[in-house]
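*Asks:* following is a predicted model, sequence given first.
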Amino acid sequence: MIIHVVRHAEAIERTREVPEEHRYLTPRGRKRFRKVAKGLDKLGTDLDVILTSPMIRAVQTADILAERLRYDGDLQVAALLGPGFRPESLGELLGSHTQAKEIAIVGHEPDLGALAQALFSTQGACTLPKGAVVSFKIAAAGQGEAQFLQMVTGGANIITSRKKALARLEAENTSK
């Protein structure tokens, strides 16, 4: 199974008028993520399932992904992908999708950075940039060793080197 770990695109900041759960994508975030999704399309991504956090910004990101990849299934909102998702929950999240060949999961930091760290089997902390996608080949149950495939970042920059992708994710963590 191929899993595409997708951090939601750039969203407006939280304010008194706009609480965390109502934050939505900025025009810049939508534009940049369309390029990321186009990069995934060029790589031949063919999704069977899109799972998304229930937060508005994640659902909007998942919707752009579905549109750009001509995905004709329903977006599946998974409460498990909301803030607080833990890498140990990946098996539970994927459990009812064992027949899927390609799945995208759309969520949030720092949760997805922790998942990427676990899938890379690295000690260094990882942070996914907004709107970035990191793809791995994994066992259907989400267990065992993962094989890095590629990372696509804003502007459709495609990174196929595991070493370069890991360096970028670790550098992103230190720039916070």
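*Replies:* Structure received.
*Asks:* would you mark the buried spots in stretch 8-21?
*Replies:* H8, A9, E10, A11 (16 or more other Cβ atoms under 10 Å). Where C-beta positions appear, they are placed from N, C-alpha and C, glycine not excepted.
*Asks:* should've said stretch 152-163
*Replies:* Quick answer for stretch 152-163 (16+ other Cβ under 10 Å): V152, T153, G154, A156, I159.
*Asks:* repeat for stretch 80-90
*Replies:* Those would be L80, L81, G82, F85, P87, S89, L90, for stretch 80-90 by 16+ other Cβ under 10 Å.
*Asks:* and the first one, how far is that from E170?
*Replies:* Taken as Cβ to Cβ, to the nearest Å, the spacing of L80 relative to E170 amounts to 26 Å.
*Asks:* same check on F120?
*Replies:* 10 Å.
*Asks:* which residues are common contacts for the two?
*Replies:* The contact sets of F120 and E170 overlap at C126 (Cβ atoms under 8 Å, 6 or more residues apart in numbering).
*Asks:* buried residues in the helix or strand of the chain at the bottom of the mean pLDDT ranking?
*Replies:* Using mean pLDDT, DSSP states H and E, the weakest-scoring helix or strand in the chain turns out to be helix 162-174, at a mean of 88. Buried residues in helix 162-174, counted by 16+ other Cβ under 10 Å: A165, L166, R168, L169, E170, E172, N173.
*Asks:* repeat that for stretch 89-106.
*Replies:* S89, L90, L93, L94, H97, A100, E102, I103, A104, I105, V106.
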